[in-house]
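Enquirer: Provide a 3D model corresponding to the input given below.
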Amino acid sequence: MKRTAAAVLLILLAGCGASTPPATVESPSVVTTTTLDRAGLKKSVKDALVPADDLKALGVGKPEADVDDQNFLVSDVCRSKLMNPENFTSVHYADSRTWRGGGWWVNEVVHVWNGSAPTSVDAVRKAYGTCKSWKDDLDTKFTVKGAVALTGDAFGYCAEVDRRDAEPFIDCHSFVTRGALMMVVSTAHGTTLTSNQAALVTVTAIAVESLRG
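Expert: Just a heads-up that it's a prediction; the model follows:
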(Lines give C-alpha, C1' and ligand atoms only; values in the text may rest on other atoms or scores of the structure.)
Protein backbone atom coordinates (compact mmCIF):
# COMPACT_ATOMS: atom_id res chain seq x y z
CA MET A 1 0.00 0.00 0.00
CA LYS A 2 1.46 3.29 -1.10
CA ARG A 3 1.00 6.28 1.20
CA THR A 4 2.19 9.81 1.59
CA ALA A 5 2.48 11.57 4.93
CA ALA A 6 -0.57 13.69 4.03
CA ALA A 7 -2.66 10.55 3.74
CA VAL A 8 -2.18 9.70 7.42
CA LEU A 9 -3.12 13.14 8.71
CA LEU A 10 -6.76 12.79 9.82
CA ILE A 11 -7.25 15.93 11.93
CA LEU A 12 -5.22 19.11 12.23
CA LEU A 13 -4.80 19.89 15.87
CA ALA A 14 -5.61 23.54 16.36
CA GLY A 15 -2.69 24.85 18.37
CA CYS A 16 -1.92 28.39 19.28
CA GLY A 17 -1.43 30.66 16.30
CA ALA A 18 1.93 31.94 17.51
CA SER A 19 4.68 31.09 15.10
CA THR A 20 7.63 28.96 16.13
CA PRO A 21 10.98 30.78 15.87
CA PRO A 22 12.71 29.66 12.66
CA ALA A 23 15.86 27.60 12.89
CA THR A 24 18.71 27.24 10.45
CA VAL A 25 18.55 24.08 8.35
CA GLU A 26 21.55 22.78 6.46
CA SER A 27 21.39 19.75 4.21
CA PRO A 28 23.98 17.14 5.26
CA SER A 29 26.79 16.49 2.81
CA VAL A 30 26.45 13.47 0.55
CA VAL A 31 28.44 10.45 1.66
CA THR A 32 29.38 7.23 -0.09
CA THR A 33 27.08 4.38 0.93
CA THR A 34 28.37 0.83 1.03
CA THR A 35 26.24 -2.14 0.03
CA LEU A 36 23.95 -3.15 2.90
CA ASP A 37 21.91 -6.24 3.59
CA ARG A 38 18.26 -5.98 4.62
CA ALA A 39 19.13 -5.78 8.31
CA GLY A 40 21.67 -3.07 7.54
CA LEU A 41 19.10 -1.05 5.63
CA LYS A 42 16.68 -1.29 8.53
CA LYS A 43 19.32 -0.21 11.04
CA SER A 44 20.36 2.80 8.94
CA VAL A 45 16.75 3.99 8.81
CA LYS A 46 16.17 3.42 12.53
CA ASP A 47 19.34 5.35 13.35
CA ALA A 48 18.31 8.27 11.12
CA LEU A 49 14.78 8.71 12.50
CA VAL A 50 14.24 11.51 15.01
CA PRO A 51 14.39 9.88 18.47
CA ALA A 52 11.04 9.51 20.20
CA ASP A 53 11.76 12.17 22.85
CA ASP A 54 13.44 14.78 20.66
CA LEU A 55 10.33 16.95 20.17
CA LYS A 56 9.73 17.45 23.90
CA ALA A 57 11.10 20.99 23.72
CA LEU A 58 8.18 21.81 21.40
CA GLY A 59 5.66 20.47 23.90
CA VAL A 60 5.15 17.24 21.95
CA GLY A 61 5.21 13.94 23.81
CA LYS A 62 6.20 10.50 22.61
CA PRO A 63 5.20 9.36 19.11
CA GLU A 64 1.65 8.14 18.68
CA ALA A 65 2.62 5.70 15.94
CA ASP A 66 5.55 4.03 14.18
CA VAL A 67 4.97 2.29 10.85
CA ASP A 68 7.78 0.03 9.68
CA ASP A 69 8.84 -1.20 6.25
CA GLN A 70 6.19 0.37 4.02
CA ASN A 71 6.25 1.48 0.39
CA PHE A 72 5.79 5.17 1.14
CA LEU A 73 6.00 7.57 -1.79
CA VAL A 74 8.62 10.27 -1.40
CA SER A 75 6.17 12.86 -2.74
CA ASP A 76 2.92 13.09 -4.66
CA VAL A 77 3.19 16.85 -5.20
CA CYS A 78 1.34 17.78 -8.41
CA ARG A 79 0.51 14.06 -8.82
CA SER A 80 4.18 13.32 -9.41
CA LYS A 81 4.30 10.05 -7.41
CA LEU A 82 8.03 10.58 -7.03
CA MET A 83 10.20 7.56 -6.36
CA ASN A 84 7.53 4.94 -6.10
CA PRO A 85 9.59 2.10 -4.60
CA GLU A 86 7.81 -0.41 -6.86
CA ASN A 87 9.60 1.21 -9.81
CA PHE A 88 13.05 0.42 -8.41
CA THR A 89 14.89 -2.88 -8.56
CA SER A 90 17.22 -2.05 -5.67
CA VAL A 91 16.24 -3.06 -2.17
CA HIS A 92 14.24 -0.36 -0.42
CA TYR A 93 13.35 0.17 3.23
CA ALA A 94 11.34 2.98 4.84
CA ASP A 95 9.92 3.73 8.29
CA SER A 96 7.48 6.40 9.43
CA ARG A 97 7.12 8.02 12.86
CA THR A 98 4.23 10.31 13.84
CA TRP A 99 3.84 12.69 16.78
CA ARG A 100 0.67 14.54 17.78
CA GLY A 101 0.12 16.84 20.73
CA GLY A 102 0.36 20.38 22.03
CA GLY A 103 -1.12 21.74 18.81
CA TRP A 104 1.42 19.89 16.67
CA TRP A 105 1.21 17.13 14.09
CA VAL A 106 4.59 15.85 12.88
CA ASN A 107 5.39 12.95 10.58
CA GLU A 108 8.81 11.80 9.45
CA VAL A 109 9.55 9.16 6.83
CA VAL A 110 13.11 7.97 6.22
CA HIS A 111 13.86 6.00 3.05
CA VAL A 112 17.01 4.07 2.15
CA TRP A 113 17.97 2.29 -1.06
CA ASN A 114 20.58 -0.46 -1.24
CA GLY A 115 23.48 0.84 -3.31
CA SER A 116 21.26 3.34 -5.13
CA ALA A 117 21.07 7.07 -4.49
CA PRO A 118 17.57 8.49 -4.02
CA THR A 119 15.93 10.95 -6.34
CA SER A 120 17.52 14.35 -5.86
CA VAL A 121 15.72 16.97 -3.82
CA ASP A 122 15.76 19.00 -7.02
CA ALA A 123 13.35 16.47 -8.57
CA VAL A 124 10.80 17.30 -5.86
CA ARG A 125 11.43 21.01 -6.40
CA LYS A 126 10.84 20.67 -10.15
CA ALA A 127 7.65 18.64 -9.67
CA TYR A 128 6.37 21.27 -7.22
CA GLY A 129 6.79 23.91 -9.91
CA THR A 130 4.52 22.16 -12.42
CA CYS A 131 1.14 23.04 -10.92
CA LYS A 132 -0.78 25.33 -8.59
CA SER A 133 -3.15 22.66 -7.28
CA TRP A 134 -3.94 18.97 -7.68
CA LYS A 135 -6.27 16.25 -6.39
CA ASP A 136 -5.32 12.85 -5.02
CA ASP A 137 -7.09 9.53 -5.54
CA LEU A 138 -9.51 10.35 -2.69
CA ASP A 139 -10.52 13.64 -4.36
CA THR A 140 -8.69 15.69 -1.72
CA LYS A 141 -7.59 19.00 -3.20
CA PHE A 142 -4.13 20.43 -2.48
CA THR A 143 -3.37 24.07 -3.27
CA VAL A 144 0.22 25.30 -3.28
CA LYS A 145 0.86 28.05 -0.71
CA GLY A 146 4.54 28.64 -1.42
CA ALA A 147 8.02 27.24 -0.93
CA VAL A 148 9.66 27.36 2.50
CA ALA A 149 13.16 28.83 2.73
CA LEU A 150 15.58 26.12 3.88
CA THR A 151 19.35 26.37 3.61
CA GLY A 152 21.60 23.94 1.80
CA ASP A 153 20.04 21.50 -0.65
CA ALA A 154 16.89 20.99 1.41
CA PHE A 155 13.55 21.90 -0.17
CA GLY A 156 10.23 22.59 1.51
CA TYR A 157 6.75 23.77 0.63
CA CYS A 158 3.33 24.26 2.19
CA ALA A 159 -0.09 23.45 0.76
CA GLU A 160 -3.69 23.97 1.79
CA VAL A 161 -5.50 20.65 2.13
CA ASP A 162 -9.23 20.66 1.36
CA ARG A 163 -11.02 17.41 2.18
CA ARG A 164 -14.71 16.74 1.86
CA ASP A 165 -15.10 15.73 5.51
CA ALA A 166 -13.05 18.47 7.22
CA GLU A 167 -12.28 22.16 7.22
CA PRO A 168 -9.32 23.17 5.02
CA PHE A 169 -5.96 23.24 6.80
CA ILE A 170 -2.30 23.82 5.95
CA ASP A 171 0.47 21.28 6.11
CA CYS A 172 4.10 21.57 5.04
CA HIS A 173 6.78 19.16 3.81
CA SER A 174 10.59 19.15 3.59
CA PHE A 175 13.02 16.87 1.74
CA VAL A 176 16.68 16.19 2.55
CA THR A 177 19.06 13.54 1.20
CA ARG A 178 22.24 12.04 2.62
CA GLY A 179 23.91 9.33 0.57
CA ALA A 180 21.29 6.63 -0.08
CA LEU A 181 19.01 8.07 2.62
CA MET A 182 16.13 10.46 2.02
CA MET A 183 14.22 12.16 4.83
CA VAL A 184 10.72 13.57 4.37
CA VAL A 185 9.31 15.71 7.20
CA SER A 186 5.66 16.82 7.30
CA THR A 187 4.23 19.23 9.86
CA ALA A 188 1.05 21.05 10.79
CA HIS A 189 0.99 23.63 13.57
CA GLY A 190 -1.32 26.55 14.21
CA THR A 191 -3.80 28.03 11.76
CA THR A 192 -1.70 30.47 9.74
CA LEU A 193 0.71 29.97 6.86
CA THR A 194 3.43 31.74 8.86
CA SER A 195 3.12 29.42 11.87
CA ASN A 196 3.17 26.37 9.63
CA GLN A 197 6.21 27.55 7.67
CA ALA A 198 8.13 28.23 10.89
CA ALA A 199 7.11 24.85 12.28
CA LEU A 200 8.53 23.08 9.24
CA VAL A 201 11.85 24.92 9.54
CA THR A 202 12.12 24.07 13.23
CA VAL A 203 11.31 20.37 12.93
CA THR A 204 13.45 19.94 9.82
CA ALA A 205 16.45 21.30 11.74
CA ILE A 206 15.88 18.68 14.45
CA ALA A 207 15.49 15.92 11.88
CA VAL A 208 18.63 16.92 9.97
CA GLU A 209 20.69 16.53 13.15
CA SER A 210 19.35 13.01 13.53
CA LEU A 211 20.03 12.25 9.86
CA ARG A 212 23.65 13.28 10.33
CA GLY A 213 23.94 10.64 13.04
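
Enquirer: give the contact list for the closest residue to Ala127 other than its chain neighbours.
Expert: Closest residue to Ala127 in three dimensions, ignoring its sequence neighbours and counting by C-beta to C-beta, 6 or more residues apart in numbering: Ser80, at 3.8 Å. The way it works is simple: take the backbone N, C-alpha and C, and place the C-beta from them, glycine included. By C-beta atoms under 8 Å, 6 or more residues apart in numbering, the contact list for Ser80 reads Val124, Ala127, Thr130.

Enquirer: what is the burial count for the closest residue to the last one other than its chain neighbours?
Expert: Counting by C-beta to C-beta, 6+ apart, the nearest residue to Thr130 once its immediate chain neighbours are dropped is Cys78, at 4.8 Å. Using other C-beta atoms under 10 Å, Cys78 has 18 neighbouring residues.

Enquirer: name the SS class of Cys78, please.
Expert: helix (DSSP: H, G, I helix; E, B strand; the rest coil).

Enquirer: can you name the residues bridging to Asp171?
Expert: Beta-bridge partners of Asp171, counted by DSSP bridges, are Ala159.

Enquirer: surely it is in contact with Ala199?
Expert: No: assessed by C-beta atoms under 8 Å, Asp171 is found out of contact with Ala199, at 9.6 Å.

Enquirer: between those two, which has more neighbouring residues?
Expert: The neighbour comparison of Asp171 against Ala199 (other C-beta under 10 Å) goes to Ala199, with 29 against 23.

Enquirer: now do the SS call for Glu209.
Expert: helix.

Enquirer: any idea how far Val124 is from it?
Expert: From Glu209 across to Val124, the span is 21 Å (C-beta to C-beta, to the nearest Å).

Enquirer: ok, those two, which is more surrounded?
Expert: Using other C-beta under 10 Å as the criterion, Glu209 and Val124 rank with Val124 on top: 25 against 14.

Enquirer: element containing that one, please.
Expert: helix 121-128 (DSSP states H and E).
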